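Q: need a structure here:
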Amino acid sequence: MATRTTREKRRPGQGAVGAGVTAIVLVLSACGGDENDPVAEPTGSGTPSPALTAPPTTTPEEKAEAEIKATFKTLIANRDEFYSNASDYSVNEVQANAPSTEWNVTGQADLELSNWTRSWRTATELEQIGDTIIARHEVTNIDLNVTDSGIHEATTTACMNMTTLTFETYDGQPADDSFEPDKYQTWTMNWTYFPNAGPDEGEDPGWYIQTIDLTRNRPC
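A: Numbers count the residues shown, from 1 in each chain. Below is the predicted model:
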């Protein structure tokens, strides 16, 4: 005897609605998790920041070397300024008080530069065009605290290239061919640091050139 399969009757569309409700529930379940659930932390493999390191410490010798080189650079700039504007100074003014007396020189070096600057104004009577190039300046020795009062001493050698300089008369004409300026100068210098220069000396604390041994026209 044949068996008849019994099927449940349902309204049209009833199955689709049920499936839709089920899908919505699933979506809500996926999006609306418990607010107390821990949030996943990123596990990126970024490069860690480098550790901070302290800047290198400057030694007393390095500090002294930097001060000496800066002082010398200023001195040469001052000499260039005078040589380039010599006509602005009267002969009597230079004879009475050479510009070099305001520079960081003392002793034999003061005497040498005073003679050079006076001669430039009173005998040479030219003006320099251009700036001296300090090709090299080497500190060969530094002795700190050679006395209990904090006096230091140093020895340096500087070579200056003056091949690019030109010269003219006070009225702007090229220098005569008889004038033969140095192309190079090498100064071997002894320096002294005065920590507490008083008003009697009329000098500020700092490094001063004590002696200059000049070599002319030896290329740097």
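Q: element containing the residue nearest to Ala64 when sequence neighbours are not counted, please.
A: Nearest residue to Ala64, sequence neighbours excluded (CB to CB, 6 or more residues apart in numbering): Ile142, at 5.3 Å. From N, CA and C alone the C-beta is placed, and that goes for glycine too. Element membership for Ile142, per DSSP states H and E: strand 133-143.
Q: residues in contact with the longest helix seen in the chain?
A: Secondary structure of the chain per DSSP state H: the longest helix is helix 60-84. With CB atoms under 8 Å, 6 or more residues apart in numbering as the test, helix 60-84 has contacts from 58, 89, 99-100, 102-105, 113, 117, 120, 127-129, 131-132, 134, 137, 139, 142, 144, 152, 154, 156, 158, 160, 189, 191, 193, 206-207, 209.
Q: after the strand holding Ile142, heading C-terminal, what element do we hit next?
A: Where DSSP H and E defines the elements, the next helix or strand beyond strand 133-143 is strand 152-161.
Q: who does the following helix or strand past that following strand touch, helix- and strand-wise?
A: Using DSSP H and E, the helix or strand that directly follows strand 152-161 along the chain is strand 166-168. Packed against strand 166-168, as judged by 3 or more CB pairs under 8 Å, 6 or more residues apart in numbering; DSSP states H and E, are the following elements: strand 127-129.
Q: which strands border the strand it packs on, and is each parallel or antiparallel?
A: With DSSP bridges as the test, strand 127-129 is paired with strand 166-168 (antiparallel).
Q: tell me how far the partner strand lies from the chain's centre.
A: Offset of strand 166-168 from its chain centre (CA atoms, centre = their mean, to the nearest Å): 31 Å.
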